[in-house]
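*Asks:* Provide a 3D model corresponding to the input given below.
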Amino acid sequence: MSEVTGSWLNDLPKVELHLHLEGSLEPELMFKLAQRNNIKLPFDSVEQIQEAYIFNNLQDFLDIYYQGANVLQHEQDFYDLTWAYLEKCHSQNVIHVEPFFDPQTHTDRGIEFSVVIKGITRALNDAQKQLDISSQLIMCFLRHLSEDAAFDTLTQAVPFIDKIKAVGLDSSEQGHPPEKFSRVYKKARELGLLTVAHAGEEGPADYIWTVINDLKVSRIDHGVRAVDDSALMLYLKKNSIPLTVCPLSNTRLKVFDNMSEHNILVMLEQGICVTVNSDDPAYFGGYMTENFIALADSLSLTKNQAIQLVLNSIEASFVDDIRKAEMRNLLESRIN
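*Replies:* All right, here's what the predicted structure looks like:
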């Protein structure tokens, strides 16, 4: 039995560092946008979509994820998608977000890069003014596509580089080692962008070493397979390299069969800078509060652990020291 309640966890100020905007597309909004854009979905109801959200692995999820993204056509669609996520954040006391977006998912369908990023950033700017939620935006490359395609995406991003903080690497990990993108990551760093990458979710701990040494990442997305390599665990601790862990996602995609088997709190107690995130919440059963509640229900999360997880997220965020201090002060004022 955990000492924390759902309401206490919801009220806790939180920071999210691993969220795919396309993965926050709720069935209701998917239907609304499909109707608005005259797109025929292979589902007759919201309930049918929800039934389809049962996955055996990462690829099962990705198949429906890309299918759902087809309803996103216009700048307003990307605004509505992002705003719906930010309103959910506001309701759960998430005070800072660093969401991912996948431009190739849209440009490969003929949607202009400018349409995507203008809709997203307009919503992020409105959230700063209206909801007091700060943000940094991360552009991801799809690792199942070629490095040449990633270079093309980076070129398209250059006119909007002031709106992008970092680049990331997502999609199918199996069979797509990180070094495939070494040169495009080097170019991104030369442009002044920070780097993150998905590694060690379904892929091995070796992939984590590669994104550290080859892609020069500031954070590792997922990273739960780090526990398979004791030298890697020591390195992560010594160098305070953050892992953006996604508990509900990990269990939905069978990285762990059950939440009770999840290793996030083991890594936390070993001094690893782990953080809690929701990944693709529309598909995996919950946003930030639900992920914390799952840890409380299955792993007896304590108040001190919950607070440390948030402090880790603040420290791992890509904001300046002034904003980090503001967030720590807000956290302290809420828990005392």
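
*Asks:* can you map out the strands along the stretch 151-300 of the chain?
*Replies:* Using DSSP state E, counting those that start in this stretch, the strands assigned to the stretch 151-300 of the chain run over residues 166-170, 194-199, 219-222, 243-245, 274-276.

*Asks:* can you list those in CSV and add mean pLDDT and distance to residue 124?
*Replies:* C-betas here are computed from N, CA, C, even on glycine. Below are the strands of the stretch 151-300 of the chain laid out as CSV (pLDDT from 0 to 100; distance: least, C-beta to C-beta, whole Å):
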stretch, mean pLDDT, distance to residue 124
strand 166-170, 97, 14
strand 194-199, 98, 17
strand 219-222, 98, 19
strand 243-245, 98, 18
strand 274-276, 98, 20
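
*Asks:* Could you report the distance from residue 154 to residue 333?
*Replies:* Computed with C-beta to C-beta, to the nearest Å, the distance linking residue 154 and residue 333 is 41 Å.

*Asks:* do residue 157 as well
*Replies:* 38 Å.

*Asks:* next one: residue 155
*Replies:* The value you get for residue 155 to residue 333, if C-beta to C-beta is used, is 45 Å.

*Asks:* and what of residue 214?
*Replies:* 41 Å.

*Asks:* and the two? which has more neighbours close in?
*Replies:* Taking other C-beta atoms under 10 Å, residue 214 and residue 333 do not tie; residue 214 has more neighbours (17 against 9).

*Asks:* if I pick the nearest residue to residue 128 once chain neighbours are set aside, what's in contact with it?
*Replies:* Excluding the flanking residues, the one nearest residue 128 by C-beta to C-beta, 6 or more residues apart in numbering is residue 134, at 6.0 Å. Taking C-beta atoms under 8 Å, 6 or more residues apart in numbering, we find residue 134 in contact with 95, 96, 97, 128, 319, 323.

*Asks:* and what of residue 268?
*Replies:* Counting by C-beta under 8 Å, 6+ apart, residue 268 has contacts 274, 305, 308, 309, 312.

*Asks:* So which of these wins on neighbours?
*Replies:* residue 274 (27 neighbours).

*Asks:* If that residue is in a bridge, with which residues?
*Replies:* residue 243 (DSSP bridges).

*Asks:* Break down the stretch 1-150 of the chain into its helices, ranges please.
*Replies:* Counting by DSSP state H, counting those that start in this stretch, the stretch 1-150 of the chain has helices at residues 6-11, 27-36, 46-52, 58-68, 75-91, 103-107, 113-130, 147-157.

*Asks:* Give me the contacts around the longest one.
*Replies:* Taking contacts as C-beta under 8 Å, 6+ apart, the residues outside helix 113-130 that touch it are 21, 72, 74-83, 86, 89-90, 99, 101, 103, 106-107, 133-135, 137, 153, 156-157, 159-160, 163-164.

*Asks:* ok, of those residues, which come out buried?
*Replies:* Neighbour-count burial (16 or more other C-beta atoms under 10 Å) applied to those gives 21, 72, 75, 77-83, 86, 89, 99, 101, 103, 106-107, 133-135, 137, 153, 156-157, 160, 163-164.

*Asks:* Can you list the low-confidence ranges for this protein?
*Replies:* Along the chain, segments meeting pLDDT under 70 span 1, 336.

*Asks:* Let's see that with 90 instead.
*Replies:* 1-3, 27, 31, 40-68, 171-175, 202, 253, 283, 334-336 (pLDDT under 90).

*Asks:* dump the residue contacts of residue 64.
*Replies:* Here residue 64 is in contact with 52, 53, 283 (criterion: C-beta under 8 Å, 6+ apart).
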